[in-house]
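**Student:** no sequence on this one, just coordinates:
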């Protein structure tokens, strides 16, 4: 499902160059729930963004769902982000001026689907994440947990094969965090969605099948 | 230290800080150009006023009335000689140019003078020839008339003076400056050696110019003038420069600029406010941190206001520099109208610099206060936990208030009369309409979003964003306001321009002439000439109205209302009755005069003429803006009695058939008795500089204002893009391609353009009704003349500007790093 080979990434900080990822190679099989752990600054979020095509590696190859993402043009890469991948961010990254259901629908509409064609799926997702009653609300009117669940529903609207989650419960209280992790686990188990989740918390890893650890830009 | 921290945070946002500074500078440059141009206009009018007298303070001439002395005895001035820096004696007479075998005939005004003294008083700028060997039959003439007659320096001109024909050598041809500044309109001057005219005419002097050692202000001039008038009652003693006239004329020209300035201020405040809003928004985190470590709200406010003062001051200073460029462009447009006119120098001083910097600083502080207070009122906790950026979707309830604010501008034209108060109310009504426009625009955008909700997602999102994002709403507001203001300004200027241009066309006469001698019999004789339909003799002079510190540039002696069969004015029936029954000291004056000075029927108007001071009782008002509307009509009998003149000042003629034929027939019949004869078109062309220049200038000013508005939009669009990078990155990370993002941004720009243009045009059209009130007090009744082509060009320019603005985010969206912006908090 996800295959990364010899990934290098560095950032320039004025006079200095900081190597963030050093020769990372990994594989994630279809249907796996993988936690990516490591201390702050270890490069886990950077790796997630590179694997998801949101950032480019300095060198190395990444294959997702049999597609070499380094060779994709912007349109193909956007299509991949829309269809094959779903993202869930710690800061939710919802569009403030759209309602919950509009936020969830955007990737489907961008993919050329008619609203009528996805209405049923939308309702199902809203019920699954417990936001059916809040479908007309705007993100600013929701709690952190509700926003995160909206982001999860948005990530799933196009039935992606893989979901990347960047510290999804970092901003939530423990109860809300637990509910979200249970939801992700359920998605993984019931629908076979591959999940790659960046987390700080050891507790979170109990929902995953495998833990990949990073330290100073290298797999441990 | 806190101030340093805030300043350094401002400087870190270099692009935003630069945009803010440039917004302020651009607005300040227009204010500076406006202030400078008023001075330049004043200087131009002053230069025009002193073209005859140069730097002299007092002019003494012979009276024109019957029985007046022909020559001046300068011995009367001997007792005052010690007060004079100089006293120049000249001879003024008519010189007829009438070449044989030609119908061409022209009376020049010849001035016999010592050329060195003349040059010291009123400097000459020769285009060709020289001032050397100034004796014998020589002359200096203007380049304009030399070109008209097809002569050059070194050639001779056959002139007839007092019955003597002589060949005069053209010793020099002068540029359009000094005496020759408006030579075509003045009818043409010729300078000749003093002795030559003494030899021909037998007299020594009939015109004297005096400059006093002790005169420093107009009050001293008046005092000396009074003394000399009393000592020499047989002559006409006048101030060379009448500041009352200059002020009144300047105010008339400057008024449209003041109205424009107020609109520019409105626009500036909006631009600066939106820019400041963005810059404060971006620094809220720093403010929150400062507050959290103990900096009080009051202290934070003070620091930010001091910062805005500093930015306003620097912006004002840059604006002064930019303003000089703007002023040069406006000035060159002003003087472009007539190449024969000397270009006045640009007049700017410390006052203009101080005014611009101070205004810029005050406007910046006022515009910045709201964003500053909003930022410092925020909960420190919300800022610290990053909970302050939540976008509030405002309800559309304000649209009702917005619509209500349009009511005044719609009804004011029908319920408010002309006058200073009417002008103020009209301006306030327009400002309320602009505020209303700003209130309804979000609702209009959201209405558009509803219409397009089923469009492709990037289109639907683009339209929707224009109603939801504050910066985009502000852009639409700014664009709409700019269009509305431009429409009002362009239409106002076009209305005034048409009014002045049509002034000649509205008059019913075809030819105007001055004869050496004319009386009622002349009119009867004229009526017998082939091509003349009818003729009317006009008595006209000018005088001051000391009680109101102004002047009448037309005191007209009329025989009933027949005058208005030749000269256009709106004369109400009761005023027509008053005109037909003018007697003794009755006077009919204009609505403009009434509105400016609060006159009413039965009031006494004291008019000071060379021949004395007379009290007239107002018996009626009429509507004309001839002579900026400072006109009074008295009976011809009263005129003749008060001025001691029986000859008509000029005669208005209606022609039947071909005008040139009628003019030739008149010339043939009266030959050398014709001092001046011009068709209406010739008079209009001679006055073209006066008519066109100011309107070229104010149109240029309007276009600069538009440029500033578009710059504000450009500025907002850029700043808005900077603030929206995260939002755009969010779209990108959920699968919106660059192409779709570009479509969304283009849709936003097009929506802003369409909504802004439509609402702006609607507000502008509605506001056009107040134009007669805005200008009525100075220009009288005007018919609003909507310049469709110009409005279309403004809208097209607006559309082009919006597309250019859209290119900024389009160019930048390619380079957005999704990761950097998504992770940015």
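**Tutor:** All right, it came through fine. Source: prediction; values computed, not measured.
**Student:** what's the mean pLDDT across the longest helix anywhere in chain A?
**Tutor:** Criterion DSSP state H: the longest helix present in chain A is helix A:174-191. Mean pLDDT, computed over helix A:174-191, is 86.
**Student:** and the contacts of that helix?
**Tutor:** Under the contact criterion C-beta atoms under 8 Å, 6 or more residues apart in numbering or on different chains, helix A:174-191 has outside partners A:31, A:33, A:128-129, A:143-145, A:148-149, A:152, A:156, A:163, A:165, A:168-169, A:172, A:193-195, A:197, A:201, A:204, A:207. Any C-beta I mention is one placed from the backbone N, CA and C, and that applies to glycine too.
**Student:** how about it: buried residues?
**Tutor:** Going by neighbour count (16 or more other C-beta atoms under 10 Å in any protein chain shown), the buried part of helix A:174-191 is A:176-181, A:183-184, A:187-188.
**Student:** still on that earlier bit, just the buried ones from the contacts of helix A:174-191?
**Tutor:** Using 16+ other C-beta under 10 Å as the burial test, the contacts of helix A:174-191 include A:31, A:33, A:128-129, A:144-145, A:148-149, A:152, A:156, A:163, A:165, A:168-169, A:172, A:193-195, A:197, A:204, A:207 as buried.
**Student:** which element follows the longest helix of chain A toward the C-terminus?
**Tutor:** Next helix or strand after helix A:174-191 toward the C-terminus (DSSP states H and E): strand A:194-199.
**Student:** just give the nearest non-adjacent residue to residue B:729, would you?
**Tutor:** Distance criterion C-beta to C-beta, 6 or more residues apart in numbering or on different chains; nearest residue to residue B:729, sequence neighbours excluded, is residue B:821 at 3.6 Å.
**Student:** nearest to chain B among the buried residues of helix A:174-191?
**Tutor:** Of all the buried residues of helix A:174-191, residue A:176 has the smallest distance to chain B: 16.1 Å, by C-beta to the nearest C-beta.
**Student:** test my guess that residue B:810 contacts residue B:745.
**Tutor:** Yes - using C-beta atoms under 8 Å, residue B:810 is in contact with residue B:745, at 5.7 Å.
**Student:** hey, where'd the strands end up in chain A?
**Tutor:** Taking DSSP state E, the strands of chain A run over residues A:2-13, A:16-28, A:33-37, A:59-64, A:67-68, A:85-89, A:162-166, A:194-199, A:210-215, A:218-219.
**Student:** of all these, which one is nearest chain B?
**Tutor:** When the strands of chain A are compared (using C-beta to the nearest C-beta), the closest one is strand A:85-89, at 5.7 Å.
**Student:** what's the closest one packed up against?
**Tutor:** On a contact count with 3 or more C-beta pairs under 8 Å, 6 or more residues apart in numbering or on different chains; DSSP states H and E, strand A:85-89 meets helix A:144-156, strand A:162-166.
**Student:** looking at the ones you listed, which is nearest to chain B?
**Tutor:** The minimum distance between chain B and the helices and strands packed on strand A:85-89 falls on helix A:144-156, with 6.6 Å, by C-beta to the nearest C-beta.
**Student:** that older thread, could you dump the helices and strands packed on strand A:85-89 to a markdown table with mean pLDDT and distance to residue B:778?
**Tutor:** Below are these laid out as a markdown table (pLDDT from 0 to 100; distance: least, C-beta to C-beta, whole Å):
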| stretch | mean pLDDT | distance to residue B:778 |
| --- | --- | --- |
| helix A:144-156 | 90 | 61 |
| strand A:162-166 | 91 | 68 |
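**Student:** JSON lines for the ones you listed, including distance to chain B?
**Tutor:** As requested, the helices and strands packed on strand A:85-89 are exported to JSON lines (distance: least, C-beta to the nearest C-beta, whole Å):
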{"stretch": "helix A:144-156", "distance to chain B": "7"}
{"stretch": "strand A:162-166", "distance to chain B": "9"}
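**Student:** can you check the pLDDT for residue B:340?
**Tutor:** Note on residue B:340: pLDDT of 41.
**Student:** residues contacting residue B:682?
**Tutor:** Counted by C-beta under 8 Å, 6+ apart, residue B:682 has zero contacts.
**Student:** which SSE is it in?
**Tutor:** Per DSSP H and E, residue B:682 falls inside helix B:680-686.
**Student:** and that helix, which residues are buried?
**Tutor:** Neighbour counts over helix B:680-686 (16+ other C-beta under 10 Å) mark B:680, B:683-686 as buried.
**Student:** after that helix, which helix or strand is next?
**Tutor:** helix B:688-723.
**Student:** is any residue of that following helix near chain A?
**Tutor:** No - judged by C-beta under 8 Å from any C-beta of the partner chain, helix B:688-723 stays clear of chain A, getting no closer than 12.6 Å.
**Student:** distance between whichever helix or strand comes after that helix and the chain's centre?
**Tutor:** Moving toward the C-terminus from helix B:688-723, the next helix or strand (DSSP H and E) is helix B:725-733. Chain-centre distance of helix B:725-733: 50 Å, with C-alpha atoms, centre = their mean, to the nearest Å.
**Student:** that older thread, any idea which of the strands of chain A gets closest to residue B:169?
**Tutor:** Among the strands of chain A, the nearest to residue B:169 by C-beta to C-beta is strand A:2-13 (83.3 Å).
**Student:** what is the closest one packed up against?
**Tutor:** Secondary-structure packing of strand A:2-13 (3+ C-beta pairs under 8 Å, 6+ apart): strand A:16-28, helix A:44-51, strand A:59-64.
**Student:** quick one: strands adjacent to that strand?
**Tutor:** Counting by DSSP bridges, the strands paired with strand A:2-13 are strand A:16-28 (antiparallel), strand A:59-64 (antiparallel).
**Student:** make TSV out of these and add mean pLDDT and distance to residue A:137.
**Tutor:** Formatted as TSV, the strands paired with strand A:2-13 follow (pLDDT from 0 to 100; distance: least, C-beta to C-beta, whole Å):
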stretch	mean pLDDT	distance to residue A:137
strand A:16-28	89	34
strand A:59-64	90	33
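**Student:** brilliant, that's me finished.
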